[in-house]
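Student: Fold the following.
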Amino acid sequence: FFLSFNMAAFKMMIMMMLLAAVSQVYCDTTPAFPWFDPTLTPLARATALVKALSTDQKVSQMVTGATALPEQGIPSYHWRNNVLHGLVDNGVSTQFPQATGLAAMFDPATLEKVARVCGIEQRAKHNIATSFNSSNDSPMDYGLDLWGPNINMFRDYRWGRGQETYGEDPTLSGLMVAAFVKGLQGNESHLLTVATAKHFDAYSVDREPPRLEFDPNITQADLMQFYFPAFRDAVDAGVSSIMCSYNGVNGYPMCMSPMLKSVLRDDFKFPGYIVTDSGALDFMVSKFHRFNSSVDAAAAALNAGVDLNSGGVFTKLTEALNESMVTMEEIDTALTRLFEARVRLGMFDPRENLGPYATYGPKDILTPESRTLARTVAKKSIVLLKNEGDLLPLTNLLTKTAKIAVIGPAANDTFRLLGNYYGCSFGTWGQPLANCSIVTPLAGIQAFAKNNAKDLTITYAQGCEQENNDTSMFPEALATAADSDVIIATLGLRNCVGQGGGGPSCESEGHDRDHLGLPGMQQELLEKLVATGKPVVLAISNGGPVSIPWAAQHVPAILDTWYGGMEAGNALADILFSESPSGRMPFSVLQSDSQMPNELDMSPLAPPYGRTYRYFNATPLYNFGYGLSYTTFEYSSLSMNVTKISSSSTTVSVCVSVQNTGKMASEEVVQIYASRHSKEGFTNVPNQQLLQVTRIDELQPGASTKVCQTINPQRLSLLGNDNSFKPQSGDYTLYVGGSGPGVLGAFTERETVAAPLQTEFSIV
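Tutor: Below is the predicted model of the structure:
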């Protein structure tokens, strides 16, 4: 169906079927049972339903493929689909840039709009799923409980799933997850969808082995200061579900970890439900060898606080109950949380109570507005890393006879633009559908030239394959490049095909990269393109960081374009020719593999130089928070409303004036950092850390604005010797600017970006 939903006649048929479908899912009559009574609270309705069930019925509802309960009027329900940057595996949908690209916007407000689109599209697909499905569909792709966002820390840059995260910083991740949760869940009386923050916690290895049995020791300080904060932000934002991860921490597989209760329930006060990652309980037996039977694994997970099992292990809970390994109270508590979520989703309400939710359908999927948003987001995400001699933008080529050569394996590759957990497909790891109209860099540049240029010719050559050492395509590429005025080199990484297919340098779930550089013969191709003497613009496609030290020195203009989603090509063309980039790096880029610690060392101070910008003690190629534009900005008049801050304070106001001092309109990202003067007496104190970001709407040349931001001093919390976790007393420096403090990168001069303003404050 989704292959042709835009056909007018077919849409009319589906809209008729929609009405019938909704009546199957939602109660339309006077409530015969209290769980169908909308005048009662969600908790009261869920509690009543749980009391009405037998033990076997209860257990049948604690796995993601919950069976129907005919006697109670409850339909079957599959709990899940995935969402990171668009819907997954259920046909046509809006595909935004991969999560690291979303993070590069440094723009929580726009991310909330992205998540809202995802929530509406999933609700629409859920509404129609009971009446019409593609033969390739699975019920698991139409649930209203969405698995996302992924808020693990991108601590090791080889990690294949690092692309799914919001980068290496706990604060940026926390700000972004709060926005994503709000967008997915909505602000109406019912939940639009359920957001599931994953994977709790410290999941960051996909190399096999040890992915499914990895059990590192992590200090309490590192957990509280680095790994936990984004999950606290998710809970504070009202996230309804949290997923426990495959890995273990400190001797416990996470889906039976005491931290599910001590951290999530007791410390963070999380009221929602906890779901396992798929197969996680099976792996307690087969990978961790923690138990000999699924019964033991089921009992351990329920005892620890898991409510929902993605898999079949929880079907053994009846046996565990009979053997007194679990209690009925534990089962009832878990099941009440699950039914309360379904009530909050409106599943047991009359259709008229759901407002627009009940009417969402094909007309709300991949709309012109959502495609426009995808293009806007892709533009906001692009990071300008270098622009020597103001090569960009290429506006001058639009008014004369000229030729641009687009070269590289990323130029016309639709697959790589979607990244891991992509949609516009059916079935797990299915091929993207043609009618999603994914715009490649080549197609976007060609379209822009056709619509805006006087006499601009676009030529193309692939140049090389993504991974192998074949150079047979070099001659054609170099001839094409030599016969041009400007070369656009489209190189970089590619998502794996399935879990690991596609070469040693692909990145995905189930596969970590072996090195950080360009794969295959791409580096050699780039050097030969530069040797032609023609101006070269390097457009990198990637999820994780790519080390390009040679390019940083020899290529005049470099853009990081990420896996840019379905509008990636149009967004790239906009940036190349007419609009200023404004993205920022959500992680650091190292100069080489020699700067990387051992992949399995979880300490942020891991040798040789530590991890992430917060702890790194060498010079990176590009630092976290770095990004240029086609104009310049000047910061002035920095002020704080208080400079002696109580350790219990949660709000401090910081104001600064920003002026566009260049010649082109541009958005700007204001970043606030702090650094503690003394590290004595505490473990793993960051060198500096982000506190807040604000994206300024486009400023015209000469225009200025005053930006006031609220920072939360609790983000400076450290674990004290007395085990207190709070902002510890001492002196700090506050930095405010378009980048962070310190070096921007190995080959980047500080004058390209003004040094941040700074002022002093103290915590008392």
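
Student: In the longest helix along the chain, which residues are buried?
Tutor: Longest helix in the chain by number of residues (criterion: DSSP state H): helix 108-129. For helix 108-129, a neighbour-count test (16 or more other Cβ atoms under 10 Å) marks 108, 110-129 as buried. (Glycine included, C-beta is placed from N, CA and C.)

Student: Stretch 470-480 now?
Tutor: Quick answer for stretch 470-480 (16+ other Cβ under 10 Å): 471, 473, 474, 477, 478, 480.

Student: ok now the host helix or strand of residue 369, how far from the chain's centre?
Tutor: Using DSSP states H and E, residue 369 falls within helix 368-381. Helix 368-381 has its C-alpha centroid displaced from the chain centroid by 16 Å (Cα atoms, centre = their mean, to the nearest Å).

Student: tilt between it and helix 108-129?
Tutor: Counting by axes from the mean of the first three to the mean of the last three Cα atoms, to 10 degrees, helix 368-381 points 140 degrees away from the direction of helix 108-129.

Student: What is helix 368-381 packed up against?
Tutor: Helix 368-381 makes packing contacts with helix 99-104, helix 108-129, helix 568-577 when contacts are defined by 3 or more Cβ pairs under 8 Å, 6 or more residues apart in numbering; DSSP states H and E.

Student: Just tell me which of these ends up closest to residue 215.
Tutor: Closest approach to residue 215 among the helices and strands packed on helix 368-381 is made by helix 99-104 (25.9 Å; Cβ to Cβ).

Student: which strands and helices sit next to that closest one?
Tutor: Going by 3+ Cβ pairs under 8 Å, 6+ apart, helix 99-104 lies up against helix 170-185, helix 368-381.

Student: now the first one and helix 108-129, what's the angle there?
Tutor: Helix 170-185 and helix 108-129 are oriented at 40 degrees to each other (the same axes, to 10 degrees).

Student: Kindly export helix 170-185 (C-alpha atoms) in PDB.
Tutor: Taking C-alpha atoms only, helix 170-185 is exported to PDB below (Å, rounded to 0.1, in the frame of the first residue of the first chain):
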ATOM      1  CA  PRO A 170      26.000  14.700  28.200                       C
ATOM      2  CA  THR A 171      24.500  18.200  28.100                       C
ATOM      3  CA  LEU A 172      23.900  18.400  24.400                       C
ATOM      4  CA  SER A 173      22.500  14.900  24.500                       C
ATOM      5  CA  GLY A 174      20.300  15.900  27.400                       C
ATOM      6  CA  LEU A 175      19.000  19.000  25.700                       C
ATOM      7  CA  MET A 176      18.300  17.100  22.500                       C
ATOM      8  CA  VAL A 177      16.600  14.100  24.200                       C
ATOM      9  CA  ALA A 178      14.300  16.400  26.100                       C
ATOM     10  CA  ALA A 179      13.200  18.000  22.800                       C
ATOM     11  CA  PHE A 180      12.800  14.700  21.000                       C
ATOM     12  CA  VAL A 181      10.700  13.200  23.900                       C
ATOM     13  CA  LYS A 182       8.400  16.200  23.900                       C
ATOM     14  CA  GLY A 183       7.900  16.000  20.200                       C
ATOM     15  CA  LEU A 184       7.200  12.300  20.100                       C
ATOM     16  CA  GLN A 185       4.800  12.300  23.000                       C
END
